[in-house]
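>>> Quick one, what's the 3D model for this:
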Amino acid sequence: MSETIGFIGLGQLGLPMATNLLQAGYALRVYNRTASKAEPLVAQGAQLVERPADVATSGGIVATIVWDDTALESVVMSDGFLEKLGAGGVHIAMSTILPETSKRLAALHAQHGCTYVEAPIFGRPEAAIAHNLWIPFAGPQQAKDRVRPLLQAMGGKGIFDFGEEIGAANIVKLVGNFLIVSAGHSIREALAMARNNGVDPKAVINMLTSTLFSAPIYQSYGQRVAELSTPFTSAIPLKDVGLFKKTSQQVEMSTPIADLLYDILQSA
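Next up, the predicted model:
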């Protein structure tokens, strides 16, 4: 591949996605706040830079997968980032953030002649390694056509186009994460009831996930819960359910289930 791709954010998901790009033949210029996390990529030929803006090239492509709205805004607003990306450049924003943040950042990109595409990720690190990620994306069509091969190379098994309206893909991600977290906690409560009444939770989840609930989320989280593993061990569920609530409040929608779930996550 002749084009060098900028990549910012080498966490548990970002690192395997960036590794996939290298293995697909793309040259990478990478940045991470903790520079040592880039060492496996540098060993494979990636170039590590000292500032977020330094991953960008005029008219090029930069992908970011950082923790939250504040982290993404700090990248975009960092000295020289938008200027270096410049006319014709494309920023693939892959973080789970508020739709309104995406809209605001897209407008800033347009002022500099570059394009913002939102493409949040469904999938755990092992799914990225196995190229089993599901990716909704939204933004100008020409930019989406340009970045689709990159999303596939990063590990995208399915790329789903939600049109040109910025915010749509992040809505999909917030809805999906809300349903995932809801399912995980429902499974835990359901299997606890079975176990406490003397019924083997593994047999219960095997029967249900091969019949009525034969979806990957029920299957994967069901097995973990049946084996007494905690379905969620990070701060991501609390963050994302909070974003779901905020987005709902902006359209004056009540969220009794999300409110309860958020309280449960806060007290965990």
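
>>> need the helices for the stretch 101-250 of the chain, in chain order.
125-129, 141-154, 168-196, 201-209, 216-226, 236-249 (DSSP state H, counting those that start in this stretch).

>>> mean pLDDT for those: which is lowest?
Set side by side, these show their lowest mean pLDDT on helix 216-226, which sits at a mean of 93.

>>> which other residues reach it?
When contacts are taken as C-beta atoms under 8 Å, 6 or more residues apart in numbering, the neighbours of helix 216-226 outside the stretch itself are 179-180, 183-184, 187-188, 191, 201-202, 204-205, 208-209, 213, 230-231. For glycine as for every other residue, the C-beta is placed from the backbone atoms N, C-alpha and C.

>>> hmm, try it at 6 Å
Helix 216-226 has contacts (C-beta atoms under 6 Å, 6 or more residues apart in numbering) with 180, 183, 184, 187, 188, 191, 201, 202, 205, 209, 231.

>>> do the same with stretch 25-34
Looking at stretch 25-34 with C-beta under 6 Å, 6+ apart, the contacting residues turn out to be 1, 4-8, 10, 21-22, 38, 41, 46-49, 52, 55.

>>> Next: stretch 86-95.
Outside stretch 86-95, the residues that touch it by C-beta under 6 Å, 6+ apart are 58-66, 72, 113-121, 143, 147.

>>> From these, keep the buried residues only.
Among the contacts of stretch 86-95, those classed as buried by neighbour count (16 or more other C-beta atoms under 10 Å) are 60-66, 72, 114-121, 143, 147.

>>> The residues you listed in strands, which ones?
By the criterion of DSSP state E, membership of the buried ones among the contacts of stretch 86-95 in strands covers 61, 62, 63, 64, 115, 116, 117, 118.

>>> and the closest residue to the fourth one other than its chain neighbours, what is it in contact with?
Okay, so that is residue 64. Among residues not flanking residue 64 along the chain, residue 8 sits closest, at 4.4 Å (C-beta to C-beta, 6 or more residues apart in numbering). With contact taken as C-beta under 6 Å, 6+ apart, residue 8 is in contact with 31, 52, 55, 64, 75.

>>> Measure how buried the first one is and give me the count.
Meaning residue 31. By the measure other C-beta atoms under 10 Å, the count of residues near residue 31 is 25.

>>> now do the third one
Residue crowding around residue 55 was assessed by other C-beta under 10 Å; the count is 27.

>>> correct me, but it touches residue 6?
Yes. Counting by C-beta atoms under 6 Å, residue 6 is a contact partner of residue 55 at 3.1 Å.

>>> which residues are common contacts for the two?
In the contact map built from C-beta under 6 Å, 6+ apart, the residues linked to both residue 55 and residue 6 are 29, 62.

>>> Point me to the residue sitting closest to the centre of this structure.
Nearest residue to the geometric centre of the chain (C-alpha atoms, centre = their mean): residue 121, 3.3 Å.

>>> separation between that residue and residue 78?
Computed as C-beta to C-beta, to the nearest Å, the residue 121 to residue 78 distance reads 22 Å.

>>> swap in residue 90?
Counting by C-beta to C-beta, the gap between residue 90 and residue 78 amounts to 18 Å.

>>> So if I had to pick from these two, which one is more boxed in?
Remark: of residue 90 and residue 78, residue 90 carries more neighbours, 23 against 15, as counted by other C-beta under 10 Å.

>>> coming back round to it: please report phi then psi for the residue nearest to the centre of the chain.
In this entry, residue 121 is assigned phi and psi values of phi -110, psi 130 (degrees, to the nearest 10).

>>> pLDDT score for it?
Residue 121 carries a pLDDT value of 98.

>>> ditto for residue 166
At residue 166 the predicted local confidence, pLDDT, stands at 98.
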